[in-house]
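Asker: This is the structure alone, sequence omitted:
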């Protein structure tokens, strides 16, 4: 379907042909005028196919399968769905050594974190450990990231805890609550895997970084406040998640504060924060912060064990059952009054954990210069959660803290997740009694240390400096989470982000261009001081698609430019304006309202004895101008490829007419 | 705050200064390289002010007040709010003659239409006449259009009737229904006037033409089906507005069909449609279709009067009270259970009638080459409806059919609306008994004739031809109105329109540019056959802002272009690729995610030994690149004004290094 420069392969519209041919076939001899081409002629079906393949397959996943034998295709397909076959064949003892070290390092972090995060989701602590066993095993087979440390994460735990607790009390109906958590996990997995299979991964792109920064900071503030329950030893605490009831719970129940808990809790919190600072300053000392949680758990457990006869006020985890994950497929709800709640919770936690998992995966992939396939990761995380929901796990994903430790500890492949799972297995089978005296305040301290890193004030400052509307989206999600609810905070922030896109389209920039002397460059007069107006011409550029949402505005705005220019010319007594050039380079799309607007604009300008000329419409715009037959009315001098050629050609025409 | 070409007035960032200065101060002697300028330095407050003034005052309404004396300002201000002072001072007898003729012509159309449309809204017919008296008077003082014929319109009547009937039955609780209609009218007016005062008129732009075409066609089909009640003489008819219950009402109650009604009704319908056809073919004969409704009403009334003893089955309007609009301010609800319904109905009918009124005003203004100020019109229509709600009127706006007749009859100013009001006044005071025998079938026939013009199948065909997604939005609103409800149909269509904008942003076009030999023009290789690749360079253009919603996609898509180019080069054994030029001309905005994406992209390309160069970022993008300090990492050869200069400069640099 090649289109040569001077010929357009479309037999339906001969008037346009003539127009275009005239421009190119009969230029004023001294000038070299180039015609504007239509894009290659495509049928509606071809266009639809191209559009859909750009929407769903921008990464061209079948590319590698081209021109291969059947057997190679089979192997490649297997490697595509199970990346373990890709890296497994080159696996060596050297790699294994690195993976064992990193696997054990993240295990020392994952075990206390798992117990803590389960508490954050109002689940029994043991569920946190279960969730650090099955999902890492599944991810190591399906996942395409080499550094992702898989397990429960704070944000998803928090959101699940909040959303379920609004309807079901975890203390009064613990079994229903547990069932709901597994069901929500199942739907989270189903949703994640569906996004991957349907290749709708771009949906998570709508959670912009600005939104997430605000959301995470808000969640971190709430979680930190909430953990004061454990750190201060408060027994009666609100179940709500807004900042106001949480703060009032903390400060109205001062009689419940226990000084022993406070002293020990804050000491360990200080210790954990200090180790975190050290590792942040010197990345080589990552193992200090990685080992700190387990060390604190062991130390505090020992302390509470030794003081058990003297201090009764310190609450501990208590009895944890020994043994592997019990099956939980029979606990999933697929009907009944709570199904809608489970699905909603599943979708929200699913989308949040997916966002975190994929962002973390991409971050570490780019550090080592390999690619993580978003859609494949979604399938891996989704399958991992569906399988998890059948084996007493709740929502898991790639955690940033664990992946960073994994990366720094030298992990080379997903085998480190298998080592992690093995360490958790040993814990589950033999070490559970050790946690009997583990105090709750140490879990609170671990959670605070983890979430405090989510408050990225530098990013907020950067948002303020670079993009005020991004900053606004960030603030909205921050205060939305703090004062309304987790879901509303997210919804508001997504709304602000979308509104921002619409605002850009509704009120696009328009500007006057001038010529930079001695060149064929035409640039914004307001920005380039040396650019000067071309007498008798007004050159305008529009910086946005022309849509129904802005067609009226653009029409009015262009007429205002014309009027202002006329007033300026009158004041400075220059030669009269005769021609308006519309530089369409940045008009990346047009719809029927936009075409009508251009048509109207042309008619209005003609009534003022002004000629309207379009310059360099892009492919899709040119196609629609052509299809709507609006170009016919523009005549042979209404369409040029560059501003320079338009000015040269029209000026010489004027001279010839004189 | 002027910025000269080679200097950037920003002291904070000397590295950028050096970069830019280096490019411009030390070009390779043989080349004339232009630097990329920052836009003039503005404070956050100035930028906010500029942005807000573009959003709310794109028409610069204070422009005319500049450099005027206080008295002139006062007169101009009065003329701004009451356009009657503008055209009133030049009013002459010649103009009056034209206005009387056109005013009487539209009165002959407005009286039968008013009665019919009130029936459409399930209101007593007299309310339709009241609504043709007060609003035209108010509009003639406040309105800025010279040709708008004001009164009840079919779409707003239909929507009000539907929305109110869903909750309150007009036959069982007629007083509450009437009160609700006036209250909804009040809120419609309040909403319209607020949009005008707050200058939020662009909200109605979100009802795209494609949406409206579908919506109106759907409404017209439903209304036509519903009017079969009157035309067939059916007594028991559904109150629902979906197509399925309406159709079943028509065809299941065949025993209620009355052949006398059918014969007369379809005869008059045929007559009205024929006169409509004649006037459409020959616009000069506009008076035929303008006079036809009144003629039909008179003829059919006479016929029914003469046959009154012989035929009892024909339902007539019956008694109508003589006299002027009674006040109805005391009938407005401002509390109680129905308030929410009234507000909702008011907003939906308000937005729809505003859209119609402004579109009609703009259409006729552009025919006569004068401007209609959208925000001013909104205030006029809003005040008119608020005043109307206190004088027994329901929602009114500029009607297309009436304005067309007004225009064709030679109306020169809004005085024709005063003449219309005077004619309605005479009717209300003296002629009401004449309508006693007016049959309902004639009202049905008038409504059908009016709404059938709303089915614009040519526009639908054009949408299909030019823009498939616009066509989809049109279909959605059409079927939404037919099968779900009027509000849902509109909501779905607006959703599709917004989704279309987001889709364009989420999956923007990217393309490879090539040089057109012998020029400095770089164009899409796929579109311009003569454009050829520049060896060692890959020139890519992005056709959209870079936002959070597409930053991941663009990063992956660009890497795929690079990979495909590398494979092509390998196959054809050309010289290796060394530099990627990113033409940012059409990248009209960027946010923090976009900046991160460019940063990431650059790092990834460097790992593949490829240089990334940005070309011609627009003002706002340049500003953000500068603020985020990302330009520092690009070095002195990372930013150029044109593709040609970039290639020339980088090539000569490579030669110098060899």
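Answerer: Cool, got the structure. Owing to the predicted nature of the structure, the values given are computational and were not obtained by experimental measurement.
Asker: How about the backbone phi and psi for the residue of the stretch 501-650 of chain A found nearest chain B?
Answerer: Across the stretch 501-650 of chain A, the shortest distance to chain B (C-beta to the nearest C-beta) belongs to residue A:548, at 3.2 Å. For the C-beta atoms, the positions are set from N, CA and C on the backbone; glycine is no exception. Note on residue A:548: backbone dihedrals following degrees, to the nearest 10 are phi -50, psi -30.
Asker: Quick check: residues of the stretch 301-450 of chain A near chain B?
Answerer: Neighbours of chain B within the stretch 301-450 of chain A, by C-beta under 8 Å from any C-beta of the partner chain: A:366, A:369, A:374.
Asker: How much space separates the closest residue to the last one other than its chain neighbours from residue A:354?
Answerer: When you say that, I think you mean residue A:374. Spatially, and ignoring its direct neighbours in sequence, residue A:374 is nearest to residue A:201 (4.4 Å; C-beta to C-beta, 6 or more residues apart in numbering or on different chains). Distance, residue A:201 to residue A:354, by C-beta to C-beta, to the nearest Å: 9 Å.
Asker: So for these two, which residue has more residues nearby?
Answerer: residue A:354 (28 against 24; other C-beta atoms under 10 Å in any protein chain shown).
Asker: so the more buried one touches residue A:189, yeah?
Answerer: No - with contacts defined as C-beta atoms under 8 Å, residue A:354 does not count as touching residue A:189, sitting 10.1 Å away.
Asker: Now the residue nearest to residue A:374: phi and psi?
Answerer: phi -50, psi -30.
Asker: got the contact list for it?
Answerer: A:195, A:358, A:374, A:375, A:378 (C-beta atoms under 8 Å, 6 or more residues apart in numbering or on different chains).
Asker: now do 7 Å
Answerer: Neighbour list for residue A:201: A:195, A:374, A:375, A:378 [criterion: C-beta atoms under 7 Å, 6 or more residues apart in numbering or on different chains].
Asker: and the gap between it and residue A:582?
Answerer: Distance, residue A:201 to residue A:582, using C-beta to C-beta: 38 Å.
Asker: Next: residue A:91.
Answerer: With C-beta to C-beta as the criterion, residue A:91 and residue A:582 are 61 Å apart.
Asker: go on, residue A:301?
Answerer: Taking C-beta to C-beta, one finds residue A:301 at 74 Å from residue A:582.
Asker: Next: residue A:183.
Answerer: 57 Å.
Asker: Next: residue A:430.
Answerer: In terms of C-beta to C-beta, residue A:430 sits 77 Å off from residue A:582.
Asker: Tell me which of those two has more neighbours.
Answerer: Higher neighbour count among residue A:430 and residue A:582: residue A:582, with 24 against 10, using other C-beta under 10 Å.
Asker: In three-state terms, label residue A:612 for me.
Answerer: Secondary structure, DSSP: H, G, I helix; E, B strand; the rest coil: residue A:612 is strand.
Asker: residue contacts, it?
Answerer: A:580, A:582, A:601, A:602, A:605 are the contacts of residue A:612 under C-beta under 7 Å, 6+ apart.
Asker: which of those residues lies closest to residue A:295?
Answerer: Taking C-beta to C-beta as the measure, residue A:295 lies nearest residue A:582 of the contacts of residue A:612, at 69.0 Å.
Asker: Tell me who's in contact with the closest one.
Answerer: Contacts of residue A:582 by C-beta under 7 Å, 6+ apart are A:540, A:542, A:612, A:613, A:614, A:615.
Asker: Tell me how many other residues surround the residue of the stretch 301-450 of chain A found nearest chain B.
Answerer: The minimum distance from the stretch 301-450 of chain A to chain B, using C-beta to the nearest C-beta, falls at residue A:369 (4.8 Å). Using other C-beta under 10 Å, residue A:369 is surrounded by 11 other residues.
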